[in-house]
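Asks: give me the fold of what follows.
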Amino acid sequence: MGEKTEQLKRVWEQAEAVVIGAGAGLSTAAGFTYDGERFQKYFGDFAAKYHFGNMYAGGFYPYGT
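Replies: Residues are numbered from 1 along each chain as shown. Below you'll find the predicted structure:
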């Protein structure tokens, strides 16, 4: 292994915890979709009220409260 890999291994082994941040790209790569049948099943009425077509758009909707 290279020097950087060995350094990372030592830090990892000494850590009390490791926090991994992940955004939408990770879930999308895993096959998660933001629209479709599941979206309609669980959010169809909400989406119809606020006029957005997927969960991602719903997260950025300018709600009044």
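Asks: ok, longest helix in the protein?
Replies: The residue-count maximum for a helix in the chain (DSSP state H) belongs to helix 37-50.
Asks: buried set for that one?
Replies: Within helix 37-50, the residues that qualify as buried are 39, 43, 47, counting by 16 or more other C-beta atoms under 10 Å. All C-beta spots, glycine's among them, are computed from the backbone N, C-alpha and C.
Asks: what's the answer for stretch 57-65, then?
Replies: Going by neighbour count (16+ other C-beta under 10 Å), the buried part of stretch 57-65 is residue 58.
Asks: end to end, how far does that stretch reach?
Replies: End-to-end distance of stretch 57-65 (C-alpha to C-alpha, to the nearest Å): 17 Å.
Asks: mean confidence for stretch 6-20?
Replies: Mean pLDDT, stretch 6-20: 93.
Asks: picking up where we left off before, contacts made by the longest helix of the chain with the rest, please.
Replies: 33, 53, 54, 55, 58, 61, 63 (C-beta atoms under 8 Å, 6 or more residues apart in numbering).
Asks: now the fourth one: closest residue in space that isn't a chain neighbour?
Replies: Just to be clear, that refers to residue 55. residue 34 (4.5 Å; C-beta to C-beta, 6 or more residues apart in numbering).
Asks: check contacts around the one you found.
Replies: 54, 55, 56, 57.
Asks: what pLDDT does the nearest residue to the first one once chain neighbours are set aside get?
Replies: Once its chain neighbours are removed from consideration, residue 54 has its nearest residue in residue 35; the separation is 3.8 Å (C-beta to C-beta, 6+ apart). On pLDDT, residue 35 comes in at 89.
Asks: could you give the number of residues near residue 35?
Replies: 15 (other C-beta atoms under 10 Å).
Asks: now swap in residue 1 and tell me
Replies: When neighbours are counted by other C-beta under 10 Å, residue 1 registers 8.
Asks: can you check the one 3 residues further on too?
Replies: When neighbours are defined as other C-beta under 10 Å, residue 4 has 8 of them.
Asks: dump the residue contacts of it.
Replies: Neighbour list for residue 4: empty [criterion: C-beta under 8 Å, 6+ apart].
Asks: quick check on it: phi, psi?
Replies: phi -60, psi -40 (degrees, to the nearest 10).
Asks: lovely, talk soon.
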